[in-house]
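In: this one's sequence-less:
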């Protein structure tokens, strides 16, 4: 076991802006060295960087690591509970996110994807998208397919009345902004969305909350007595689930579409073999390092040894999911994109108590979208972008995305 002194020059982390497919070369070097690496993380200070699969998995599953620093003066103190804990959010939302509930939404998601592609086809034929030299004028696939699909699926999850959906879709997309800090308009969208959710919760509660939607499920799981969550807390829990989930799904799908432009033969294979779509989505999650260069920080509640390094109580560890998902100790040919990869225990949705509660919902949407694009869009081409957009937050994450997605195609099949 080692507890080395920090190097004289502690490197800044994240190492650089996210890239569509390539990882910074330093990750591979770090995976082959003993122990962890001390890094300087924006807004956090010094932290221990984990880049091996086993080490990242460990900090995600070891109960001695928490989301908040341990209280000073109390040995192995539990995490200080905020007004609404992650455990409470998971408790009230998990009932509406069970596989059965998610599969109930698949048909609606498929119909939405088909309808959006029908509109693209109609717009293509009516608007004559040929450019001045015969080239087709790109259409923003992000605005006309990716975002509306993700927002409409959430409306289905919430059972938003048909007459309110146009407004609620717009509020969801505005509130789930990647801007840091959010604009005043984004903040107002969040407040308006909260009011809509509060009204829906009150209506469902008055009706007996016997329906199968997410909000009714949350009302049934709100608890009793001192453990009971009020309506405002249910709204907060819904926002904490929906907005990051919507943002991540949009970012994932946009990155996956761009990644498939580098694997066009695989996109054609998915057209011929739609049964490969589920494994292709898992491989895209593993292989495409869009989501972040590090996880949220984990604070050691007591001294813990990880990868041969002693992390002292109160110190911070961050796990590079993108590096762990390319670890040759965990994956055969990790730098090869393989839509038929069998065992694929990637860490893209976290692990253990920190597993993403909306993972099944995200998977379903990604499968529906990729399958629809592969089946119906002939010769899909998304123009290359030199640098992806990125957003920093106080947790050391750097999230990359492509917005807009300027796309062309030769035809949209019926």
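Out: The structure has been received and is ready for your questions. Since we're looking at a predicted model, the values are computed, not measured.

In: Sticking with the residue nearest to the spatial centre of the chain, tell me its helix or strand.
Out: In the chain, the residue lying closest to the centroid (C-alpha atoms, centre = their mean) is residue 248, at 3.0 Å. Taking DSSP states H and E as the definition, one finds residue 248 inside helix 231-260.

In: And what about residue 69, helix, strand or coil?
Out: Following DSSP: H, G, I helix; E, B strand; the rest coil, residue 69 is assigned to coil.

In: do residue 22 as well
Out: coil.

In: For residue 272, see how far away it is.
Out: Relative to residue 272, residue 22 is positioned 28 Å away (C-beta to C-beta, to the nearest Å). Any C-beta I mention is one placed from the backbone N, CA and C, and that applies to glycine too.

In: try residue 175
Out: 39 Å.

In: Counting neighbours, go ahead and name the busier of those two.
Out: Neighbours were counted for residue 175 and for residue 272 using other C-beta atoms under 10 Å; residue 175 has more, 22 against 10.

In: Run through the residues that contact the residue lying closest to that one once chain neighbours are set aside.
Out: Leaving aside its sequence neighbours, residue 175 sits nearest to residue 190 (C-beta to C-beta, 6 or more residues apart in numbering; 4.0 Å). Taking C-beta atoms under 8 Å, 6 or more residues apart in numbering as the criterion, residue 190 is in contact with 171, 174-175, 182, 239, 243.

In: I figured the residue nearest to the centre of the chain hits residue 363, correct?
Out: No: when contacts are counted by C-beta atoms under 8 Å, residue 248 is not listed as touching residue 363 (11.7 Å).

In: what is in contact with the two at once?
Out: Here residue 248 and residue 363 have no joint contacts, going by C-beta under 8 Å, 6+ apart.

In: hang on, residue 192 is in a strand, isn't it?
Out: No: counting by three-state DSSP, residue 192 is not part of a strand but helix.

In: give me the number of residues near it?
Out: Residue 192 has 16 neighbours, counted by other C-beta under 10 Å.

In: could you measure it against residue 10, distance?
Out: Distance from residue 192 to residue 10, by C-beta to C-beta: 44 Å.

In: again with residue 315
Out: The value you get for residue 315 to residue 10, if C-beta to C-beta is used, is 13 Å.

In: neighbour count winner among those two?
Out: Using other C-beta under 10 Å as the criterion, residue 315 and residue 10 rank with residue 315 on top: 20 against 15.

In: Would you mind listing the residues in contact with that one?
Out: 47-48, 299-300.

In: most surrounded residue in those residues?
Out: Neighbour tally across the contacts of residue 315 (other C-beta under 10 Å): the maximum, 27 neighbours, falls on residue 48.

In: so that residue sits in a helix?
Out: No: using three-state DSSP, the assignment for residue 48 is strand, not a helix.

In: in the sheet, who's paired with it?
Out: Taking DSSP bridges as the rule, residue 48 bridges to residue 38, residue 317.

In: Would you confirm that it contacts residue 312?
Out: No: judged on C-beta under 8 Å, residue 48 makes no contact with residue 312 at a distance of 9.6 Å.

In: what pLDDT does the residue nearest to residue 175 get?
Out: Here, the pLDDT recorded for residue 190 equals 96.

In: Please tell me how far it sits from residue 414.
Out: Distance of residue 190 to residue 414, given as C-beta to C-beta: 40 Å.

In: and if you look at residue 311?
Out: Distance of residue 311 to residue 414, computed by C-beta to C-beta: 57 Å.

In: thinking again about what came up before, residue 39: which of the contacts of residue 190 is nearest?
Out: residue 182 (27.5 Å; C-beta to C-beta).

In: dump the residue contacts of that closest one.
Out: Contacts of residue 182 (C-beta under 8 Å, 6+ apart): residue 190.

In: what about residue 71, neighbour count?
Out: 12.

In: Next: residue 83.
Out: Neighbour count of residue 83, defined by other C-beta under 10 Å: 8.

In: mind checking pLDDT for it?
Out: pLDDT recorded at residue 83 is 70.

In: Assign a three-state SS to it, would you?
Out: Using three-state DSSP, the structure places residue 83 in coil.

In: and it, what is it in contact with?
Out: By C-beta under 8 Å, 6+ apart, residue 83 lies in contact with 233, 236.

In: same question, residue 170
Out: 151, 189.

In: Relative to residue 308, how far out is it?
Out: For residue 170 relative to residue 308 (C-beta to C-beta), the value is 51 Å.

In: what do you get for residue 122?
Out: Going from residue 122 to residue 308 by C-beta to C-beta gives 60 Å.

In: what about the helices in this protein?
Out: Counting by DSSP state H, one finds helices in the chain at the ranges 25-31, 53-61, 86-93, 99-127, 141, 147-158, 165-175, 184-207, 214-220, 231-260, 264-272, 277-287, 321-324, 359-376.

In: For the chain, which element, helix or strand, carries the lowest mean pLDDT?
Out: strand 389-392 (a mean of 49; mean pLDDT, DSSP states H and E).

In: and the closest residue to residue 312 other than its chain neighbours, how many neighbours?
Out: Distance criterion C-beta to C-beta, 6+ apart; nearest residue to residue 312, sequence neighbours excluded, is residue 303 at 5.7 Å. Residue 303 sits with 14 neighbouring residues when counted by other C-beta under 10 Å.
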